[in-house]
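I would like to see how this sequence folds:
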Amino acid sequence: MTIRRTLRIPGWVDAPTPQVPAGSAGRRRMAELTGSWRAALRIARRESRRARRRTALVLAMIALPVLVLAFLVASYDMAELTPQERVDRRLGVADAELRWMAETPIGQDEWGETWYPLEDAHPVSARVTTAAELTTLLGPGSHATEVRTALPLRVRGPGRDENVRARALDLTDPLARGLVRFRAGRAPRQPGEIAVSPAALRRLHLRLGDALSTADGTRAYTVVGVVEFPDDLGPVVALHPGAAPRTGPEPDSTWLVDVPGPVDAALVSRLNQRGVVVTSRHPTGAATASPRVWLGSLGLASAEQLSTSVLIAGLGLLEVVLLVGPAFAVGVRRRRRDLALVAVAGGDAAQLRRVVLADGVVLGLLGAVAGLLIGVAAAFAGRPLLEQYVFGARFGGYRCWPAALLLLGGVAVLAGVLAALAPAWTAARQDVLAGLDGRSAPTPPRARWLVLGLALVGGGASMAAFGATQVSSAVILTGLILGELGLVCCTPTLVGALARLGRMLPPAPRIALRDASRNRAAAAPAICAVMAAVASSVALGVYLASDGARDARSYQPMLPTGHVQVSPNEPAQGPQPTLTQVGTAAREQLGASAVAPVQVVLCTPEGSADYCLIAPELPAEQVCPWQPGDGLSTAQRQQARADPRCLLRSTDYYLMPLVDDGSALPILTGADPETTAAATAALRAGGVVVTDPRYLHDGRVTVRVERGDPGPDTATRTTTELPGYALPPTIGQPRLLLSSTAARRLGLTWASAGWVVAAPKPPDADQQERFTAALQPFGTFSLIVEHGAAPQDNSPLLLVLAAAAGLITVGAAGIATALAAAEGRAELATLAAVGAAPAVRRLLAICQAGVIAGLGSVLGIVAGLGTAAIVLFSVNRQHATSWPMREPYPFLVPWPALGVLVLVPLVAMLGAGLFTRARLPIERRLD
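Numbers count the residues shown, from 1 in each chain. Take a look at the predicted model:
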């Protein structure tokens with residue numbers, strides 16, 4: 001090579017370098033930068049048209065999450081009503097809505113959505129209950145109508161009795177008519193007529209003119225209209241006010257009023273003095289909410305929730321970047337000659353990077369625009385379905401939250417730029433001569449990336465462990481993101497090591513491993529995308545399985561498995577069923593073997609005490625020296641954990657006192673016949689029975705009764721020693737069973753609270769409905785069914801997580817395999833030229849998919865199990881030093897979900913084999 005030197009003539013003086021003003025230099029650099037980006041963007045636009053398939057692939061991967069999020073954002077914005085829309089929906093054509101909230105003067109905000117009691121307020125007169133009283137209060141010329149919501153109604157359906165929501169309002173009144181939309185028929189004009197919603201019409205198989213009767217058969221209605229309530233699209237029935245007579249002030253009752261003048265601040269203030277909240281169509285702004293109302297609604301958890309949401313969005317962005325990255329890497333490899341020509345023409349490393357980054361900007365912008373347009377259009381088109389089947393209410397106006405959509409578009413462009421970032425750095429470092437010759441010159445992975453990756457993995461694991469001890473989801477997610485980035489840095493080295501180990505394999509897998517090693521920029525992101533999805537699914541699955549097993553282990557049943565507790569929903573206003581009637585219904589509908597009454601202990605009305613506590617007292621030698629609320633040191637916590645007296649049980653907090661003669665005892669506790677006989681004998685002798693042996697000392701139990709206001713100085717306290725009996729460890733809630741003699745001795749009384757039923761197995765929903773229907777002539781009843789300590793079934797959620805991870809795995813493997821096939825056309829032609837069979841191409845595609853999906857799944861399973869183990873171990877280690885002691889988390893592997901993830905690589909390989917053409921290309925010339 002000839003080196004030319006600059007010749008200098010003796011005596012020649014170089015011309016001075018012209019001085020450029022600082023401002024001119026800055027403007028020139030800005031112009032150069034702008035021109036460089038303009039050229040890069042033109043090149044990117046041209047390249048997107050030339051490589052249409054790769055462009056479509058990148059656009060689909062960027063636009064799909066943007067489409068989903070835009071759909072959710074637009075739907076949420078339409079579903080979230082503005083204050084004016086909420087007021088218009090609640091008022092209809094009325095001027096204002098009145099709600100009696102208190103018996104004292106109150107204050108409210110301008111929209112009537114929040115209210116607060118005024119300090120030092122005295123009770124006012126009784127609330128208004130009739131329209132005449134209200135019009136007198138509002139003045140002459142006013143008009144009012146009452147609307148009562150949330151009225152329970154049980155009617156006879158086509159196959160079974162159905163519970164529907166009922167509203168009592170006069171739809172012939174224009175004020176109430178503005179709350180509904182008539183679909184057919186007319187308004188009910190008498191108590192025997194009703195209007196139903198379209199959902200109730202379908203559910204009850206009704207038509208206009210049909211008869212509808214209540215479940216008890218006491219009333220019958222004729223369907224005369226079909227109406228829709230915009231705030232509730234479910235099964236709703238509109239009753240005539242005469243069909244639901246008032247029984248007193250109702251908390252859900254509102255009044256719609258029409259006044260001759262405006263609803264001004266004076267009227268609002270006058271009604272607030274009566275304890276009435278006013279919602280006006282045009283807020284006056286005179287009344288303002290108390291500052292503490294708004295400060296109390298802002299919790300410290302909002303920052304934690306915001307950071308958690310941002311980190312989850314960051315994980316999703318990283319997943320998109322890893323999926324899109326291989327396409328940009330392959331694009332750079334196919335354009336290495338063009339990039340080399342740019343370098344020869346004088347382009348520096350920064351300009352080469354801009355050429356590749358411009359691809360990310362252009363494709364990110366196109367993907368954002370496509371995703372936003374399709375997402376918003378889908379939200380507008382699918383609005384009726386969302387209203388009916390998801391939200392159950394009509395939306396407000398058509399809007400799409402422009403600020404959120406703009407943020408989504410920016411994130412999409414950022415995803416494209418980040419996906420092109422690593423290929424851009426690779427393009428700036430490529431050998432120009434190799435690029436001009438069309439040769440590939442892969443650079444070996446540098447050791448510093450491996451060191452950085454290991455450091456990030458260790459730091460992320462430590463941070464996740466620390467976050468687990470502090471119960472901070474934001475810190476845990478930050479540790480997971482750092483660990484995932486560390487694995488991304490380590491993956492190229494791992495791929496290279498596997499390629500060296502693949503020399504002993506047959507040709508097809510050896511070529512697949514070699515291609516993955518040579519094109520690490522495309523293979524490593526795809527492997528990491530699979531790994532991230534699988535790791536997240538496995539880690540969450542392990543936590544859910546472990547948490548479910550922990551809850552089942554610490555579950556405290558209320559009754560023996562299958563037994564049922566029956567309680568009336570409202571105070572008795574008529575005759576209650578007898579024990580024989582309840583027993584007959586239980587045997588016929590539930591297959592019960594025994595039924596017993598439940599009697600709760602009450603304080604005597606002496607002194608009208610509002611507070612009463614009946615509890616047994618522990619002997620002094622059984623009392624723990626420390627209390628859970630005390631601030632204990634580490635040494636004291638260790639002593640408390642070692643002291644058997646400090647092994648806290650649920651009986652240390654509350655024992656339910658009941659009065660029993662021994663009939664309910666075996667059904668409540670599941671005690672054996674011998675124990676039941678001994679306990680029954682103690683009760684009939686005038687004693688008490690406890691379910692915790694610690695309360696029994698020398699055959700006696702000390703019972704404490706406190707009356708009056710709670711507190712050490714105001715409550716009156718008496719203790720009485722009674723003969724007692726302690727049950728061995730039994731099933732059910734901790735209880736204190738008093739005999740009637742012991743209750744009278746303590747100055748207590750008792751009342752019926754329901755019944756307890758011994759059923760052979762937990763009754764299903766149909767049996768429970770038939771049982772309550774049999775007791776319906778006596779009122780409405782609620783059932784508590786003991787199903788036992790069965791662990792929560794998280795299988796559907798785990799399978800959904802596994803399916804999502806599997807979908808990402810198959811997609812990443814398919815993308816990487818297609819890109820590798822497009823990149824390796826020359827090698828396929830070489831294989832065909834040397835006589836390789838056509839099936840070799842299909843086998844090569846199967847092996848390439850197996851490398852991506854298999855390696856990513858293995859790494860993801862290992863990373864997920866490791867992450868879950870670190871988090872659970874850290875939490876258990878913190879629990880091991882805490883007091884009161886907590887149930888540790890077991891480490892359980894969700895085998896069904898793990899099995900699905902193991903089969904996913906096989907599915908990806910099978911799909912690659914099915915969708916790959918077996919014929920090898922024979923071309924005369926390959927560019």
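
quick one: low-confidence ranges for the stretch 51-200 of the chain?
120-129 (pLDDT under 70).

quick check, distance from the strand or helix carrying Ala377 to the centre of its chain.
According to DSSP states H and E, Ala377 maps onto helix 349-381. Taking CA atoms, centre = their mean, to the nearest Å, one finds helix 349-381 lying 30 Å from the centre of the chain it belongs to.

helices or strands up against the next helix or strand after that helix?
Per DSSP H and E, the first helix or strand lying C-terminal to helix 349-381 is helix 383-386. Using 3 or more CB pairs under 8 Å, 6 or more residues apart in numbering; DSSP states H and E as the contact test, the elements touching helix 383-386 are helix 52-79. To be clear about C-beta, it is placed using only N, CA and C from the backbone, and glycine gets the same treatment.

now the helices: where do they sit in the stretch 151-300 of the chain?
For the stretch 151-300 of the chain, applying DSSP state H, counting those that start in this stretch gives helices covering 174-177, 198-203, 265-272, 291-297.

Compare the ones you listed and give me the one nearest Ala726.
helix 291-297 (46.2 Å; CB to CB).

My read is that Gln589 contacts Asp766, right?
No - contact between Gln589 and Asp766 fails when scored by CB atoms under 8 Å: they sit 9.3 Å apart.

could you say what helices and strands the one helix or strand Leu859 maps to packs with?
In this assignment (DSSP H and E), Leu859 forms part of helix 839-879. Contact partners of helix 839-879 among helices and strands, from 3+ CB pairs under 8 Å, 6+ apart: helix 447-470, helix 473-501, helix 507-518, helix 520-553, helix 795-823, helix 825-833, helix 895-914.

ok so, going back, would a markdown table of the helices of the stretch 151-300 of the chain with mean neighbour count and distance to Arg167 be doable?
Shown next, in a markdown table, are the helices of the stretch 151-300 of the chain (neighbours: other CB atoms under 10 Å; distance: least, CB to CB, whole Å):
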| stretch | mean neighbour count | distance to Arg167 |
| --- | --- | --- |
| helix 174-177 | 20 | 10 |
| helix 198-203 | 17 | 12 |
| helix 265-272 | 17 | 24 |
| helix 291-297 | 10 | 29 |
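
export those to TSV and tack on distance to Gln556?
Converted to TSV, those look like this (distance: least, CB to CB, whole Å):
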stretch	distance to Gln556
helix 174-177	49
helix 198-203	38
helix 265-272	47
helix 291-297	33
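
which stretch in the ones you listed is the model least sure about?
Here the lowest mean pLDDT among the helices of the stretch 151-300 of the chain goes to helix 291-297, at a mean of 35.

show me where pLDDT drops low in the stretch 751-900 of the chain?
789-801, 819-828, 833-834, 836, 879-885.

In terms of neighbours, single out the busier of Gln589 and Asp766.
Gln589 (21 against 10; other CB atoms under 10 Å).

The more buried one should be in a strand, yeah?
No - according to DSSP: H, G, I helix; E, B strand; the rest coil, Gln589 belongs to no strand; its state is helix.

Pull out the buried positions in stretch 347-355.
Neighbour-count burial for stretch 347-355, counted by 16 or more other CB atoms under 10 Å, picks out Gly347, Gln351, Leu352, Arg353, Arg354, Val355.

Contacts only, for the nearest residue to His240 once chain neighbours are set aside.
Of all residues not flanking His240 in the chain, Pro188 sits nearest, at 4.4 Å (CB to CB, 6 or more residues apart in numbering). Applying CB atoms under 8 Å, 6 or more residues apart in numbering, we find Pro188 in contact with Leu171, Thr172, Ile194, Ala195, Val224, Gly225, Ala238, Leu239, His240, Ala243.

For Leu201, which non-adjacent residue is spatially closest?
Spatial nearest neighbour of Leu201, excluding adjacent residues (CB to CB, 6+ apart): Val226 at 6.0 Å.

Hmm, Ala184 and that neighbour touching each other?
Yes - with contact defined as CB under 8 Å, Val226 counts as touching Ala184 (4.2 Å).
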